[in-house]
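Peer 1: Just to be clear, the model below is a prediction. Sequence and coordinates:
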Protein chains: 2
Amino acid sequence: MATKGIQSRNRQEVTARILAAAERVFAEFGYAGASISRIAAQAGIPKSNVVYYFETKELLYRRVVGEIFDIWRAAADSITVDNDPIQALGDYIDTKLDLARTRPYGSKVWANEIIQRAPIVQDYLEDELRSWTEDRIVVIEAWIARGQIRPISARHLLYAIWATTQHYADFTHQITTLNEGVELTNRQWDETKSAVKDLLLRGVEKHGGV
Amino acid sequence: MATKGIQSRNRQEVTARILAAAERVFAEFGYAGASISRIAAQAGIPKSNVVYYFETKELLYRRVVGEIFDIWRAAADSITVDNDPIQALGDYIDTKLDLARTRPYGSKVWANEIIQRAPIVQDYLEDELRSWTEDRIVVIEAWIARGQIRPISARHLLYAIWATTQHYADFTHQITTLNEGVELTNRQWDETKSAVKDLLLRGVEKHGGV
DNA sequence: AAAAATGTTGACCGATCGTGCAGAAATCAT
DNA sequence: ATGATTTCTGCACGATCGGTCAACATTTTT
């Protein structure tokens, strides 16, 4: 038989396509609603082949969640004591909004998992997310102690940034519907970045005038 | 046979219990993962009885979504041109955070539905949510035209309020985990309200000083 | 009290689910 | 070229799903 067109030849390529298909299907149908056969169809391969590479649905799901978690963690690299607070937080918001646009499915998978009380990835929360969050809170509070920003609640500032940026990924469909049914343009995404930074960081700046 | 203990006698009581059980189960397992038998078990009645009152899973689901939508809509009653902007928006945030605490399951059902591109309630979005949103934007822009608040983006302000307040409902599990595994106390909920209003409304106030 | 209407329930159906498994096909090692 | 290893796939399984239905219980109407 001739080479099968779409079908790729090596392990890495196939697993990558399965992971991409799984991220999308898990996002659009939830964990329970995402059947292996639907993921396989999305990837263009038989169901059994998905199982061959990932063994179980749960293991495949954990790989998808782990990927998006790592990406988000890297997005906060700018939040360190030595960077300028407004610049660093602004970069963080920009990066997360870029991710909301380019990787919306991963954000949705994460949201689904947390909404359902993290039945699969609770260990992620308790190990990695907890210490990661505490580290960032320490940085923000150091900024406050130095008098670089207003004494806001570091924790709630982080939550507000997460909530707002991820909203543009998780609720894309609602936002599109309220945008007369068409996806946001490049210009509108730029306006979104400006508006979010304006709204969230004006409460943080020390000398924010009118 | 003697009366069956938990089992109630009239239509209204049974349907109310089914709706409450369904809201919870739909939130915790998603639409696909929420089986009728699990909803029935949560309500303490046989599966067939759920079907008797609501006919299909989809019709039951629409009733649940419709309920939470009506509640949210009522929460924005304070947003009118004649009210003080900061007071009105602050009340809206307070009310939505109260709802995040008292009706978290409804918020989660809504989030799940939008994440999955509103396969069931798209008509809600296009009919009711769209006009409702435009009305509120008109009010906020009237405040700006009158010079009562800074010229921020009304639309993105609404989105930020939605995102942040609903985050405390949808991501309760994550917030609890980051709170050493214990639910927020009354005091912490009060702090949340203050922090959210401080962060979001300082960017709105016209004469927000340091 | 008889009849009608309403409420309740367990048994059952076809479809789909996740997964195990045997064997075919392809690739690699010698 | 031949055997070993890896990759790929169709089939079968027990379980669970949403929904139907007929029988039974209760309440309401006459």
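Peer 2: Sure thing, it's come through.
Peer 1: From here on, just use CA atoms for contacts and neighbour counts.
Peer 2: Will do.
Peer 1: got a list of contacts for stretch A:200-210?
Peer 2: For stretch A:200-210, the external contacting residues (C-alpha atoms under 8 Å, 6 or more residues apart in numbering or on different chains) are A:86, A:89-90, A:148-152, A:160-161, B:150, B:198-203, B:206-210.
Peer 1: Say whether chain B is contacted by the helix or strand hosting residue A:98.
Peer 2: In this assignment (DSSP states H and E), residue A:98 forms part of helix A:85-102. No: taking C-alpha under 8 Å from any C-alpha of the partner chain as the criterion, helix A:85-102 and chain B are apart, separated by no less than 12.7 Å.
Peer 1: any idea how far stretch A:201-210 is from the chain center?
Peer 2: Counting by C-alpha atoms, centre = their mean, to the nearest Å, stretch A:201-210 is centred 27 Å from the centre of its parent chain.
Peer 1: what's the next secondary structure element after the helix holding residue A:98?
Peer 2: helix A:104-115.
Peer 1: how much space is there between the spatially most central residue of chain A and DNA strand D?
Peer 2: In chain A, the C-alpha nearest the mean C-alpha coordinate belongs to residue A:107, at 3.8 Å (C-alpha atoms, centre = their mean). Relative to DNA strand D, residue A:107 is positioned 26 Å away (C-alpha to the nearest atom of the strand, to the nearest Å).
Peer 1: Confirm for me that that residue is in contact with residue A:166.
Peer 2: Yes: between residue A:107 and residue A:166 there is a contact at 6.7 Å, judged by C-alpha atoms under 8 Å.
Peer 1: what sits in contact with each of those two?
Peer 2: Common neighbours of residue A:107 and residue A:166 (C-alpha under 8 Å, 6+ apart) are residue A:100.
Peer 1: Next, count neighbours for residue A:133.
Peer 2: 15 (other C-alpha atoms under 10 Å in any protein chain shown).
Peer 1: can the helix or strand harbouring residue A:74 be found next to chain B?
Peer 2: Here residue A:74 sits within helix A:57-75, counting by DSSP H and E. No: remark: helix A:57-75 sits outside contact range of chain B, by C-alpha under 8 Å from any C-alpha, the gap being at least 13.6 Å.
Peer 1: does DNA strand D sit close to that helix?
Peer 2: No: counting by C-alpha under 7 Å from any atom of the strand, DNA strand D is not contacted by helix A:57-75; separation bottoms out at 13.3 Å.
Peer 1: and that helix, does that touch DNA strand C?
Peer 2: Yes: applying C-alpha under 7 Å from any atom of the strand, one finds helix A:57-75 in contact with DNA strand C at A:57, A:58.
Peer 1: Quick one: residues in contact with that helix.
Peer 2: Helix A:57-75 is contacted by residues A:19, A:22-23, A:26, A:36, A:51, A:54, A:92, A:95-96, A:106-107, A:109-110, A:120-121 when judged by C-alpha under 8 Å, 6+ apart.
Peer 1: Just the buried positions in the helix holding residue A:98, please.
Peer 2: For helix A:85-102, a neighbour-count test (16 or more other C-alpha atoms under 10 Å in any protein chain shown) marks A:85-86, A:88-101 as buried.
Peer 1: Show me how the record splits chain A into domains.
Peer 2: Following automatic domain parsing, chain A resolves into domains at A:1-55, A:65-201.
Peer 1: Now the element after the longest helix anywhere in chain A, going C-ward?
Peer 2: Using DSSP state H, we find that the single longest helix of chain A is helix A:11-33. Scanning forward in sequence from helix A:11-33 by DSSP H and E, the next helix or strand is helix A:36-43.
Peer 1: So what angle separates the directions of that next one and helix A:11-33?
Peer 2: 130 degrees (axes from the mean of the first three to the mean of the last three C-alpha atoms, to 10 degrees).
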